[in-house]
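[1] Quick one, what's the 3D model for this:
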Amino acid sequence: MTQSAASETVILIPSLEPDQRLPAYIRKLMEHGFRNAVIVDDGSGEPYQPVFREIESIEGATVLHHSHNKGKGMALKTGYRFIAESMPDVIGVITADADGQHSAGDCVRLAEELKKGRKALYLGSRDFSQKNVPFKSSLGNRATSLLFKLLYGCWLPDTQTGLRAFPRDELNFMIGIEGERFEYEMNVLIACARRHIPMIPIGIETIYENENKGSHYHPVKDSIRIFRVIAGGFIRFMGASLFCFLIDQALAGLLRDWLLPLLGLERGSLMIINLSGWLARLVSAIVNFRINKDLVFRMKGNARNAAWKYALLCLAIITVSNVGVWLLGKIGVAGWLAKILMDFVLYFVSYQVQDKWVFKEIQKE
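    Numbering: from 1, shown residues only. Here you go, the predicted model:
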C-alpha cells in the first residue's frame, strides 16, 4: 500500500536558493516510492541553477522557474496550475519544504491518508515541546494556534507547517485563495475553516537542521504578516462594531433630542426614549450587517439568507446575554460585571457564528 499510495501522489516543493540537500531529498523521496515531484525555483538566480539542473536529471522530477522571487504562495500556485494541467492521474498533492524539515517517511504517511479518498486537508504537525525546537518557532506556532482557535474555533497544533496534503479535486480551490508569500498558507487554513473542510493533524518528525538556518522565514516580518492574516478579519469586525456603536449613539441622541420632538412627542418621555433607541439600533444593525457582509467576511452573492440569520443571531445574543447576567447575579456577581463578562464572551461567539453560519457561502462540490 505504501508504494502504491506514494506513486499516485505528486510532491510539490517551492524552493529559493537551495543547496545540495535538495537533490538528495528528491532522490530519497523517489526511493520511498514517489514517481512525481514538482520543484518551483522561486527566482533563485544563476548561481543556484546547477542545483536545479541536477534535480531535472532525476527521473520523475520537474523544475518550474520564476524569473524573480514572487513568494512562497505564488510558487505553490505555479505548481498547482502545472499539476492541474499536466498531471491528470495523480490522486492528490503533498507540499513539502526545501529546507530538510520533512522526512520522506512522513510524506509517505500523508500519501497513505490521501489514498483513503477523504475530502480533507492533512497537516504534518510537529511536536514543539522537544528540546531541539528553536524558541522562536515554538513561541510563534503556539501563539498562532491559540489565536486561530479563539477566532475560528479549530485547534491546530502546528499552523505553520509546510507539509500538507489534499486531494486533486481541491486544486482550483487552493489556487483561488489569496496570498503571495508566507501568509498564503495561513489563508488556506482560514478558508478551510470557513468552508468546514476538515483539517486533520498528522504527527510527524520534528526536524530542525542547523537550527533551521536554511529557512527563508523571517521571524519578525513574516510573523507580523501571519498574525495580521489571522486577526485581520476580527480587527475589521471590531472596527465595524465601533463605527456602528457611534452611529447608534449619535442617531439615538438626534432622534431623542431633536427629530422626534418635532413630531409632537414629549421630550424626555418614556415613549420618545424607547422609540429613539429602537430606531437607532435598527439603523446601526442594518449598517453593521452590510459592513460585515461586504468588508469583514466578504460574502458574495444574495444576502437574503444571511439577513435573516443575522437577525436571529442578534435576538439570540440579546436573550443569552440577559439570561447570563441574571444567572451570574444569582451567584452574587455584580450586575455591571456580569454584563461585561457576558458581552465579552458573546462578542467572540458572535464573530465565529457570523463567520461560519451567517455569512457562510455554500461551497460547490
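
[2] where does Pro201 land in three-state SS?
    Of the three states, Pro201 takes strand under DSSP: H, G, I helix; E, B strand; the rest coil.

[3] and the longest helix for this protein?
    helix 219-254 (DSSP state H).

[4] check contacts around the residue nearest the centre of the chain.
    The residue lying closest to the centre of the chain (Cα atoms, centre = their mean) is Ile190, at 2.1 Å. Ile190 makes contact with 152, 229-230, 233 under the criterion Cβ atoms under 8 Å, 6 or more residues apart in numbering. For glycine as for every other residue, the C-beta is placed from the backbone atoms N, C-alpha and C.

[5] for the longest helix of the chain, which positions count as buried?
    Buried residues in helix 219-254, defined by neighbour count with 16 or more other Cβ atoms under 10 Å: 222-223, 226-227, 229-234, 236-237, 240-241, 244, 247-248, 251-252.

[6] Could you do stretch 269-279 as well?
    Those would be 272, 275-276, 279, for stretch 269-279 by 16+ other Cβ under 10 Å.

[7] Repeat that for stretch 337-354.
    Within stretch 337-354, the residues that count as buried by 16+ other Cβ under 10 Å are 338-339, 342, 346, 350-351, 353-354.

[8] Max pairwise distance over those: which two?
    Across the buried residues of stretch 337-354, the longest distance by Cβ to Cβ is 23.9 Å; it joins Ala338 and Gln354.

[9] Output the buried residues of stretch 337-354 as JSON lines; include the columns distance to Leu16, secondary structure and pLDDT.
    Formatted as JSON lines, the entries for the buried residues of stretch 337-354 read as follows, by distance: Cβ to Cβ, whole Å; DSSP: H, G, I helix; E, B strand; the rest coil; pLDDT from 0 to 100:
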{"residue": "Ala338", "distance to Leu16": "54", "secondary structure": "helix", "pLDDT": "87"}
{"residue": "Lys339", "distance to Leu16": "52", "secondary structure": "helix", "pLDDT": "85"}
{"residue": "Met342", "distance to Leu16": "49", "secondary structure": "helix", "pLDDT": "90"}
{"residue": "Leu346", "distance to Leu16": "45", "secondary structure": "helix", "pLDDT": "92"}
{"residue": "Ser350", "distance to Leu16": "41", "secondary structure": "helix", "pLDDT": "92"}
{"residue": "Tyr351", "distance to Leu16": "36", "secondary structure": "helix", "pLDDT": "90"}
{"residue": "Val353", "distance to Leu16": "40", "secondary structure": "helix", "pLDDT": "91"}
{"residue": "Gln354", "distance to Leu16": "38", "secondary structure": "helix", "pLDDT": "92"}
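
[10] so where do the strands sit in the stretch 151-300 of the chain?
    Ranges of strands within the stretch 151-300 of the chain are 164-167, 199-203, based on DSSP state E, counting those that start in this stretch.

[11] give me the low-pLDDT residue ranges for the stretch 151-300 of the chain?
    Confidence mapping of the stretch 151-300 of the chain against pLDDT under 70 gives the ranges 207-223.
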